[in-house]
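[1] Sequence unavailable; structure follows:
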């Protein structure tokens, strides 16, 4: 390695060897080399300073300049410099963490004489540190489905950013980047108080894009823009209308979905407390487009029971929900999300009831994490392109495209809670001894204190959705190996079953400390079908999708230790606790480490929550049994006559048999005997009893307060009771203390 070649240092504390920047694994110890590219958000007073940064130079003997405002951390194992105090700008980034799929996060700061430069990670930078293209640059070359999905994401971001005073971020085209199906912002741009922004500016930007390259739903979109301009349509109403346009168009594009799954005990565990659906190793059927991973907690038998019961209860409920949604009429996403939330609370109450009936306290209580993916069908083409992700705990979901891998769930843990409350940067929060302690899981406490996250996505291109327990996701194994284990699925080079097996083997060889469960969902778009333009309102067949070519750059050498057959047992590997993101429940929860082997059991002191609001359980999805029509006219009279004659005949027959029996009994009693007997007197007949039989005094089985079991007739549409709270939307609300739960 030449002295002038860019280097990156191994993050393994026992190695720390320099490596060429183009390598992906340490050439000495084979530890994965994370390439952490950062975007420098430079305040106006430091603009002149940043202009003097030369490409290839090192800042603070650590950050290599790879381009304007783009840096590479050459010592990723070092703690970044932290700000002296959390400014308003920093707090805004922290409190917007629930939208981190579209927004960058603060990594650290660069201190200068006159201020601090924010270093942002998870910015829209590719694996070479180049900026992803702007939406405006790629607008003309993508399908109508993707254009509509991008507009939908922008509209969904408008309200939270406007409330944070950063709506300007969505009005500057250079700041709006796209990463395949996702809209991602380069940084936050804050509003000028003297010149407030409005929806009119957003409409103006949309109109410019539509003029540049029209989409097939131009009349509907123009009407939507006009309604926003006139003020006759609010942002939430516009979201619903745009969503209807999007889903109606998606129905014209067939979508096929394949699902496989598997679970393994792992080399260091004697019992598997994970449960997944489907489980191909057990021959699980896949009659519904559903994937579930549950990681049991509570030690020994408790975790296994809780995870298995969660899957067994959720599966029929999901089937019933899909049956209700399998219709031509579009069901509002809020209704589907409310039903999924209700299903999770039902499962929670069942496990809580078992804990309470067995008088389990604190560390004895069993529970489970949950990550569930549901793809409802459509009555028109069986392809509504919707995917709902429901999540509690630290089991994860990832979205993999050909160019990127994104974690779409966020762990419910203490470190993420501290960020969301604006108490610390994420990497600072990870230094806490209880950073990995979970803040919620199913079964540990009543549903009043449970806040599941439900996210909805539109699948507008071929992709793979990965659900997994932390046996795989710990130590960032998914981020390190997705190009070898998941991207080949999209290139038709690896089957879904083979990929699932490889991921389980990867977890057992590179981690191995815990059980592992994997569910893979492969979504594939098919060519649009020919339809009558008038069959769907405002819908025409879409244009073919054009795939954007990769930008030219320096090739990355992927030296995979697994592929080379290296004995990993003799290799010193970094054993850092993974860097799990925040909870999407948008509510700080009590800290309880719920049984993960990679962190000690901890309980954090937290503030109580405000009283949650009750959940409105939608009722129009419930199907009522159809009643048979009453007989009318002559048929009713004939039926009545037959019933009367039948009753009369039965009565006469009963009287006749009773009379014959009485006569036979008397005949036997008065039969003469050869021995003289006293005068016959009839046998005494016992008087009829007037006492009503007393019902059994056995007390009913104890039931947890608020526990509601699924009804057999409609298992997917059960309300958890009147106390079920709504999912709160305030990400800054304090948390509620709860008892500690044992590690698994």
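    Looks like it arrived, so ask away. This one's a predicted model, so the numbers in the text were calculated from it and none came from an experiment.
[2] rest of the way, CA atoms for contacts and neighbours
    Fine.
[3] which residues are contacting stretch 62-79?
    Applying CA atoms under 8 Å, 6 or more residues apart in numbering, the external contacts of stretch 62-79 come out as 7-13, 34-42, 50, 53-59, 129-130, 427.
[4] May I see the buried residues of it?
    62-67, 69-77 (16 or more other CA atoms under 10 Å).
[5] How about stretch 154-166?
    Applying a neighbour-count criterion of 16+ other CA under 10 Å, one finds 154-155, 157-158, 161-162, 164-166 buried in stretch 154-166.
[6] Rebuild those as CSV, extending it with secondary structure and pLDDT.
    Converted to CSV, those look like this (DSSP: H, G, I helix; E, B strand; the rest coil; pLDDT from 0 to 100):
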residue, secondary structure, pLDDT
154, helix, 97
155, helix, 95
157, helix, 97
158, helix, 97
161, helix, 97
162, helix, 96
164, coil, 96
165, coil, 96
166, coil, 97
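[7] What is the nearest of those to residue 142?
    residue 154 (16.6 Å; CA to CA).
[8] Quick one: residues contacting that closest one.
    170, 183.
[9] measure it to residue 160 for me?
    11 Å (CA to CA, to the nearest Å).
[10] Filter the contacts of stretch 62-79 down to the ones in helices?
    Counting by DSSP state H, the contacts of stretch 62-79 place 50, 427 in helices.
[11] which of the contacts of stretch 62-79 are buried?
    7-12, 34-42, 53, 56, 58, 129-130, 427.
[12] Just checking: what are the partner strands of the helix or strand hosting residue 391?
    Residue 391 is part of strand 386-392, with elements assigned from DSSP states H and E. When sheet partners are counted by DSSP bridges, strand 386-392 sits next to strand 370-374 (antiparallel), strand 453-458 (antiparallel).
[13] next SSE after the helix or strand harbouring residue 222?
    In this assignment (DSSP H and E), residue 222 forms part of helix 218-230. Proceeding N to C from helix 218-230, the next assigned helix or strand is helix 235-250, under DSSP H and E.
[14] For that next one, which residues meet the burial criterion?
    238-239, 241-243, 245-250.
[15] Redo the residues you listed as JSON lines? Include distance to residue 345 and pLDDT.
    Formatted as JSON lines, the buried residues of helix 235-250 follow (distance: CA to CA, whole Å; pLDDT from 0 to 100):
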{"residue": "238", "distance to residue 345": "30", "pLDDT": "92"}
{"residue": "239", "distance to residue 345": "27", "pLDDT": "91"}
{"residue": "241", "distance to residue 345": "30", "pLDDT": "91"}
{"residue": "242", "distance to residue 345": "30", "pLDDT": "92"}
{"residue": "243", "distance to residue 345": "27", "pLDDT": "90"}
{"residue": "245", "distance to residue 345": "32", "pLDDT": "90"}
{"residue": "246", "distance to residue 345": "30", "pLDDT": "90"}
{"residue": "247", "distance to residue 345": "28", "pLDDT": "87"}
{"residue": "248", "distance to residue 345": "31", "pLDDT": "85"}
{"residue": "249", "distance to residue 345": "33", "pLDDT": "87"}
{"residue": "250", "distance to residue 345": "31", "pLDDT": "88"}
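[16] ok so, going back, could you point out the helix or strand that follows the strand holding residue 391?
    strand 396-400.
[17] pLDDT averaged over the helix or strand that that next one is followed by - what is it?
    Tracing the chain past strand 396-400, the next element assigned as helix or strand by DSSP H and E is strand 405-407. The average of the pLDDT scores along strand 405-407 is 95.
[18] Could you do stretch 76-93 as well?
    94.
[19] Show me which positions of that stretch end up buried.
    Applying 16+ other CA under 10 Å to stretch 76-93 flags 76-77, 80, 82-83, 90-93 as buried.
[20] Which ones among those map onto strands?
    If you go by DSSP state E, these have nothing in strands.
[21] Mind telling me the two of those farthest from one another?
    77 and 92 (26.3 Å).
[22] Low-confidence bits of this protein, can you list those?
    In the predicted model, the chain carries pLDDT under 70 at residues 1-4, 217-218, 282-287, 299-301, 326-328, 378-383, 527-744.
[23] Could you check the angle the strand or helix carrying residue 150 makes with helix 235-250?
    Residue 150 belongs to helix 144-163 when assigned by DSSP H and E. Following axes from the mean of the first three to the mean of the last three CA atoms, to 10 degrees, one obtains 170 degrees for the angle between helix 144-163 and helix 235-250.
[24] Next SSE downstream of helix 144-163?
    That would be, after helix 144-163 and using DSSP H and E, strand 176-179.
[25] Tell me the helices and strands packed up against that next one.
    Under the contact definition 3 or more CA pairs under 8 Å, 6 or more residues apart in numbering; DSSP states H and E, strand 176-179 sits against helix 135-138, strand 182-185.
[26] Give me whichever of the ones you listed is most buried.
    strand 182-185 (a mean of 23; mean count of other CA atoms under 10 Å).
[27] Walk me through which strands it pairs with, and which way each runs.
    strand 176-179 (antiparallel).
[28] quick one: contacts of the strand it pairs with?
    124, 132-135, 169-170, 183-186, 404.
[29] Now tabulate those in CSV and tack on distance to residue 395.
    Formatted as CSV, the contacts of strand 176-179 follow (distance: CA to CA, whole Å):
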residue, distance to residue 395
124, 25
132, 29
133, 32
134, 32
135, 32
169, 32
170, 32
183, 25
184, 24
185, 26
186, 28
404, 20
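[30] so which of the residues you listed comes closest to residue 210?
    Once CA to CA is applied, the member of the contacts of strand 176-179 that ends up nearest residue 210 is residue 135, at 12.2 Å.
[31] residues contacting the closest one?
    173, 176-178, 183.
[32] mind redoing it with 7 Å?
    176-178 (CA atoms under 7 Å, 6 or more residues apart in numbering).
[33] Same check on residue 228?
    Contacts of residue 228 by CA under 7 Å, 6+ apart are residue 234.
[34] Begin at 469, not 1, for the rest of this chat.
    Sounds good: first residue 469 from here, last item residue 696.
[35] could you measure it against residue 702, distance?
    7 Å.
[36] Residue 490 too?
    Distance from residue 490 to residue 702, by CA to CA: 49 Å.
[37] got it, and residue 599?
    Taken as CA to CA, the span from residue 599 to residue 702 is 33 Å.
[38] okay, the two: which has more neighbours?
    residue 599 (18 against 12; other CA atoms under 10 Å).
[39] Not counting residues beside it along the chain, what's closest to that one?
    In space, and not counting its chain neighbours, residue 599 is closest to residue 593: 4.5 Å by CA to CA, 6 or more residues apart in numbering.
[40] The one you found is in contact with residue 601, isn't it?
    No: taking CA atoms under 7 Å as the definition, residue 593 is not a contact partner of residue 601, at 9.3 Å.
[41] How about residues contacting the strand holding residue 859?
    837-844, 877, 880, 908-909, 920-927.
[42] bridging residues for residue 583?
    residue 580.
[43] what about it, neighbour count?
    13.
[44] ditto for residue 758
    Applying other CA under 10 Å, we find 24 residues neighbouring residue 758.
[45] beta partners of it?
    Beta-bridge partners, per DSSP bridges, of residue 758: residue 842.
[46] What distance do you get for it to residue 787?
    9 Å.
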